[in-house]
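# this one's sequence-less:
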Ligand SMILES: Nc1ncnc2c1ncn2[C@@H]1O[C@H](COP(=O)(O)OP(=O)(O)OP(=O)(O)O)[C@@H](O)[C@H]1O
Ligand SMILES: O=c1[nH]c(=O)c2[nH+]cn([C@@H]3O[C@H](COP(=O)(O)O)[C@@H](O)[C@H]3O)c2[nH]1
Ligand SMILES: NC(=O)CC[C@H](N)C(=O)O
Ligand SMILES: [Mg+2]
């Protein structure tokens, strides 16, 4: 018997904060440590039903308060028969709610309800053909022999009483099972991954036919609820909004403007790491076109001097997070007081920055720390503001829809993301004024060429990175010894995974020629051909 993989959350979440409380209908995903838990939530949200991921420790009592229409148990790295393998509150089986167990989730259902799970003779990893034995409810409109994606070493060898077989594969006799009366379902495969051809149909059947949900998770419903919630939370107090001009904080500015009007003050911190001409453009756009006043804070000196000599990426991020807060507090003293600080924090920021594996705001389990996004991991413990982060549970594509629906112009809705720490995390190693100028000029060329060729919307991000090493070159018969610039141009759906873009060679050629010829201090351009994973999008 193996020892279990320890999942991060050791205690039940103390507080379960959920958009579902505002939603009439939601499906809860209980996370047993799968790589795909968030993906299940996304797939359900694509069917216009609200869904979010909670810790497997969430109790039946906590779930009752959220009043979900159904529950999905995710997969997970453990074997259910391991000592210490994660289990759910057994009371959940008696709630009378439809439950779908996926992989580990199904194995747990079987084990806890009296069946048997054991190590399979042969595991299944990758594609498998699924043969349907009972084409009713869960498998309506799913073709017999369809491809489903598998990733398991254990199998159900005996179903609990009352359960019936729904489907099998060549290697797995019990690939899908159900207790129809109790609306308990289990599938050994992963319907949430794109390789599972009938996956979406199955998810729709669960959501619409079995849980009897209606498509209530629409952008309009989110906006309406968010506005109601913001008003209830903030009352007549004033809110300081951290505005970068990016998609998320601009969407939030429009949302807050709608919700609380004059109680809102937008502040833009010029940390000295913005791209060329960016601060001027942002101020002009907001003040002249949107008629939303923006307080401009020049904090360049402070940021640069506090980063002097710092080379460690996490240290940089922490210092930047701290300096942002200092700048907000200073602004609050000058123009406030403000009780609330609003930020355009998104779900991926929270997932990637969590340093304790638990969302500090909600106590929920999130995956291991990759890097501290300044707006989450960089926050001090004794933050004087209360946070307003209504986009915290949304993915980028959902924020874009929200922005568009409340009148944010396409020009901003479609903008590539730009990280809060800006060019500071695109200069590897120490940040100096000279390096910043070089990177700004190189970055401008990348953006100009991508824009002029009508390629902007083909990519998720397209930018330059400066490396702190130098290499030898030859220009005009002279030896050069200068920095290389890395081009990072990627495609992505939500920033969680990404691929390097197959940019046409002639475009790469022009960008490379222009950078080496026009930017003093650079004699070489290289193209980053790493996907995420294993790379991340930014270099630090
Ligand atoms: N220069 C800045 N001044 C004020 N607030 C900022 C600044 N940069 C970032 N922030 C705050 O940090 C949050 C997170 O930054 P992030 O870059 O993820 O979002 P964004 O800039 O709003 O959108 P995008 O991802 O499209 O760039 C922002 O939503 C904003 O609230
Ligand atoms: O506001 C931000 N503050 C940060 O600290 C930060 N770090 C990364 N990013 C952006 O997030 C997305 C994923 O980036 P990574 O693959 O580098 O983690 C990409 O779109 C990055 O540009 C940040 N945004
Ligand atoms: N993907 C999963 O949920 C795997 C479950 C279990 N660890 C198995 O190998 O069968
Ligand atoms: Mg940004």
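Sure thing, it's come through. It should be emphasised that the depicted structure is a prediction, and the values quoted were computed from it without experimental measurement. Ligands and ions are numbered 1, 2, ... in the order given.
# Only C-alpha atoms from now on, for both contacts and neighbour counts.
Fine.
# From residue 236, how far out is the residue lying closest to residue 42 once chain neighbours are set aside?
Taking CA to CA, 6 or more residues apart in numbering, and ignoring the residues beside it in sequence, residue 42 has residue 51 as its nearest neighbour in space, at 7.6 Å. In this structure, residue 51 lies at 31 Å from residue 236, with CA to CA, to the nearest Å as the measure.
# Neighbour count for these two, which is higher?
residue 51 (30 against 10; other CA atoms under 10 Å).
# The closest residue to residue 374 other than its chain neighbours: neighbouring residues, count only.
The shortest distance from residue 374 to any residue other than its chain neighbours is 4.6 Å, reached at residue 321 (CA to CA, 6+ apart). Counted with other CA under 10 Å, residues neighbouring residue 321 total 22.
# Can you tell me the SS state at residue 321?
Counting by DSSP: H, G, I helix; E, B strand; the rest coil, the backbone at residue 321 sits in helix.
# the strands in the stretch 51-200 of the chain, which residues?
70-73, 99-102, 116-132, 146-158, 164-168, 176-179, 184-187 (DSSP state E, counting those that start in this stretch).
# So is the second one next to ligand 3?
Meaning strand 99-102. No: for strand 99-102 and ligand 3, the contact criterion (CA under 6 Å from any ligand atom) is not met; the two come no nearer than 6.8 Å.
# What pairs with that strand, parallel or antiparallel?
Pairing partners of strand 99-102, with direction, according to DSSP bridges: strand 70-73 (parallel), strand 184-187 (parallel).
# out of the ones you listed, nearest to residue 417?
Using CA to CA as the measure, strand 70-73 is the one of the strands paired with strand 99-102 that comes nearest residue 417, at 31.7 Å.
# and the closest one, what's its mean pLDDT?
For strand 70-73, the mean per-residue pLDDT is 98.
# what does it contact?
26-32, 97-102, 104-106, 207, 211 (CA atoms under 8 Å, 6 or more residues apart in numbering).
# so how far is that strand from its chain's centroid?
Computed by CA atoms, centre = their mean, to the nearest Å, the chain-centroid distance of strand 70-73 equals 21 Å.
# Who are the contact partners of residue 392?
344-347, 350.
# Which positions in the chain make contact with ligand 2?
Within reach of ligand 2 by CA under 6 Å from any ligand atom, the chain has these residues: 373-374, 417-421, 495, 536-538.
# Kindly reformat those as a markdown table containing neighbour count, secondary structure and distance to residue 174.
Supplementary listing: the residues of the chain next to ligand 2 in a markdown table, determined by neighbours: other CA atoms under 10 Å; DSSP: H, G, I helix; E, B strand; the rest coil; distance: CA to CA, whole Å:
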| residue | neighbour count | secondary structure | distance to residue 174 |
| --- | --- | --- | --- |
| 373 | 25 | coil | 43 |
| 374 | 25 | coil | 46 |
| 417 | 14 | coil | 45 |
| 418 | 18 | coil | 47 |
| 419 | 18 | coil | 47 |
| 420 | 21 | coil | 49 |
| 421 | 23 | coil | 50 |
| 495 | 20 | coil | 36 |
| 536 | 17 | coil | 38 |
| 537 | 23 | coil | 40 |
| 538 | 15 | coil | 43 |
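# Among those, which ones lie close to ligand 4?
Checked against ligand 4 using CA under 5 Å from the ion, those give the following subset in range: 418-420.
# returning to what we had before: okay, who's weakest in the residues of the chain next to ligand 2 by pLDDT?
Checked by pLDDT, the residues of the chain next to ligand 2 have residue 374 as the lowest-scoring entry (76).
# do you know how far that one is from residue 419?
Following CA to CA, the distance that separates residue 374 from residue 419 is 9 Å.
# Mind listing residues that contact stretch 526-538?
Identification of contacts with stretch 526-538 by CA under 8 Å, 6+ apart yields 425-426, 484-490, 495-500.
# er, stretch 479-494 actually
Applying CA under 8 Å, 6+ apart, the set of residues contacting stretch 479-494 from outside is 395-397, 442, 458-474, 498-501, 503, 521-528, 537.
# Make a ChimeraX selection of whichever of those residues turn out to be buried.
Here is the ChimeraX command that selects only those of the contacts of stretch 479-494 that count as buried (16 or more other CA atoms under 10 Å):
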select :395,396,442,459,460,461,462,463,464,465,466,467,498,499,500,501,521,522,523,524,525,537
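# Could you check how far the residue in the stretch 151-300 of the chain that ligand 4 sits nearest to is from residue 300?
Of all residues in the stretch 151-300 of the chain, residue 246 sits closest to ligand 4, at 4.6 Å by CA to the ion. The spacing between residue 246 and residue 300, counted by CA to CA, is 19 Å.
# Looking at these two, which one has more neighbours?
Neighbour totals were compared for residue 246 and residue 300, and residue 246 leads with 20 against 14 (other CA under 10 Å).
# Which of the helices or strands spans the residue nearest to the spatial centre of the chain?
In the chain, the C-alpha closest to the average C-alpha coordinate belongs to residue 348, at a distance of 2.2 Å (CA atoms, centre = their mean). Secondary-structure assignment from DSSP states H and E places residue 348 in helix 347-353.
# what about the residue lying closest to residue 304 once chain neighbours are set aside, is that helix, strand or coil?
Across the structure, with CA to CA, 6+ apart as the measure, the residue nearest residue 304 apart from its sequence neighbours is residue 272 (7.2 Å). Here residue 272 is coil, with the state taken from three-state DSSP.
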